[in-house]
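Colleague: dropping the sequence and predicted coords here.
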Amino acid sequence: MSKFRFTPASLEWIKSKLPYGRVLKLTGSDFEGLDSLKYKFEIQELYMRKYIKLNGKNIFERALKQNQFGLSEAKAYNSLVREIKSAIPIDQYREIVQNKFESFGPGEVLIYLLHDKVHLAGGTEDGDVRIGTKKYEVKAVKYYGKNYVEGFRIGTGVDKVEKDKEEKISKQAVRKNGEEITSNTIITKLVNLQKDKLGINTPQSVNKGTIDKLKSGDGLGEFTKIEKEFQALTVKNYFGKFPFIFVGSKDTGNRMGEIIYYADNIREEDVTIYNYSGKNLKPLIKIRSGGRL
C-alpha cells in the first residue's frame, strides 16, 4: 500500500500548509526532531504538489529508508536528486536546495525529503541530520582544485544559522605541547606570523595568498605548528565527532544540492587552513578517493 494514502485529517493538514496550491506554509519546526517524522509523508506530498511533477509518479515513493546515511545511501540520494533536477525548472530546484527556513543549511531540507527516517536538528545542536541517535553534519561547499572542498567557516563572527554552533566549537580548547589551544590563540599566532615574516599588518585577515607565501618561505616551520594546532582543535571538537556530508553549493554548477563528498572519518591530516577573515577561520578539507562522489 502506498504511504501516500492519507486520512481526512492528514488531507486537511496538507491543505492548511499549501493553501490554494501556491505558498508553502511550513516552518523549520516542521522538519525538526522526532516529532517531524509524524508528518514526513505529508511534507513529501506537499513538495510533490508544489514543485515536483514526474509524469504523475511520486518520486518520494522511492525515498531512502535505511537506518543510516552512509556512502551507499549518498549514491542513491544523488540518483534521486538528478531525477528531480531533470524534471523541474532550475529556479524551483534551487529554491528547494537553498531554503534554510529559520535555522538550516543549504541541502538539509532536500536530504530530509529524500530519506524517510531523517529528521533535522536545527538551531545550535551538533549533527544537522539525524536518524534515530545517529548524527551527520551537512556542509554546503565548493571545490578547491580537484582534491579539496571549501566554503564554510570555523569562528566567532559567522551568520545566524551557524553562529552559536561554531562559537561553541571555537571556545572549546585542546592542549598541545602543554599549551591550551583555542581558535583565538590560533588566530593571534597567524596574524602575528604574517606581520613578523611578511610585514603585513592586517589584524582582521590573513588571505590565501599570504598563507601560500608563509608556506613557501621561512615562515613554513612556524605556520606548520599553527596549522597542527588548528587540526587538533577542529578534529577533536568537530570534524572527528560524526560523519560529514558535503553537498555542492550554488557555486558548483550542476552539482548543486548533490553530495560531492561523503567523509566518514575526517583526520587531522585532512584539514588545512584556507584563510582567516572577519573573525572566521576557513578550512580546506581533503577529498579522499573512497568518499568522492
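Modeller: Yep, it's here.

Colleague: show me where pLDDT drops low in the stretch 1-150 of the chain?
Modeller: For the stretch 1-150 of the chain, applying pLDDT under 70 flags the ranges 1, 54-56, 123-124.

Colleague: now with 80?
Modeller: Across the stretch 1-150 of the chain, residues meeting the criterion (pLDDT under 80) sit at 1, 21, 53-57, 122-126.

Colleague: in the stretch 51-200 of the chain, which spans are helices?
Modeller: Along the stretch 51-200 of the chain, counting by DSSP state H, counting those that start in this stretch, helices occupy 71-87, 90-98, 108-113, 160-171, 183-198.

Colleague: pull the number of nearby residues for residue 115.
Modeller: Look at residue 115: counted by other Cβ atoms under 10 Å, it has 22 neighbours. C-betas here are computed from N, CA, C, even on glycine.

Colleague: go on, the one 5 residues further on?
Modeller: Summarising burial for residue 120: neighbours were counted as other Cβ under 10 Å, giving 26.

Colleague: which one's the longest strand in the protein?
Modeller: Longest among the strand segments of the chain by residue count, using DSSP state E, is strand 134-144.

Colleague: okay, now the sheet partners of that one, with direction.
Modeller: Next to strand 134-144 in the sheet, as set by DSSP bridges, lie strand 129-131 (antiparallel), strand 148-150 (antiparallel), strand 244-248 (parallel).

Colleague: can you redo the helices of the stretch 51-200 of the chain as TSV with mean neighbour count and distance to residue 206?
Modeller: Below are the helices of the stretch 51-200 of the chain laid out as TSV (neighbours: other Cβ atoms under 10 Å; distance: least, Cβ to Cβ, whole Å):
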stretch	mean neighbour count	distance to residue 206
helix 71-87	17	34
helix 90-98	16	30
helix 108-113	24	30
helix 160-171	17	16
helix 183-198	18	5
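
Colleague: out of these, flag the one nearest residue 46.
Modeller: helix 108-113 (9.6 Å; Cβ to Cβ).

Colleague: what helices or strands is that closest one leaning on?
Modeller: Contact here means 3 or more Cβ pairs under 8 Å, 6 or more residues apart in numbering; DSSP states H and E; on that basis helix 108-113 packs against helix 40-50, helix 90-98, strand 119-120, strand 129-131.

Colleague: switch to 10 Å and redo it
Modeller: Judged by 3 or more Cβ pairs under 10 Å, 6 or more residues apart in numbering; DSSP states H and E, the packing partners of helix 108-113 are helix 40-50, helix 71-87, helix 90-98, strand 119-120, strand 129-131, strand 134-144, strand 244-248.

Colleague: got the phi/psi numbers for the residue of the chain most remote from its centre?
Modeller: In terms of distance from the mean C-alpha position of the chain, residue 8 ranks first, at 36.8 Å (Cα atoms, centre = their mean). For residue 8, the backbone dihedrals are phi -50, psi -40 (criterion: degrees, to the nearest 10).

Colleague: for residue 43, see how far away it is.
Modeller: Separation of residue 8 from residue 43 (Cβ to Cβ, to the nearest Å): 18 Å.

Colleague: which ones are touching the closest residue to residue 286 other than its chain neighbours?
Modeller: Distance criterion Cβ to Cβ, 6 or more residues apart in numbering; nearest residue to residue 286, sequence neighbours excluded, is residue 270 at 4.3 Å. Residue 270 makes contact with 148, 231, 235, 239, 263, 283, 284, 285, 286, 287, 288 under the criterion Cβ atoms under 10 Å, 6 or more residues apart in numbering.

Colleague: partner residues bridging the nearest residue to residue 291 once chain neighbours are set aside?
Modeller: Distance criterion Cβ to Cβ, 6+ apart; nearest residue to residue 291, sequence neighbours excluded, is residue 262 at 4.4 Å. Applying DSSP bridges to residue 262 gives these bridge partners: residue 245.

Colleague: having no further points to raise, I will conclude here.
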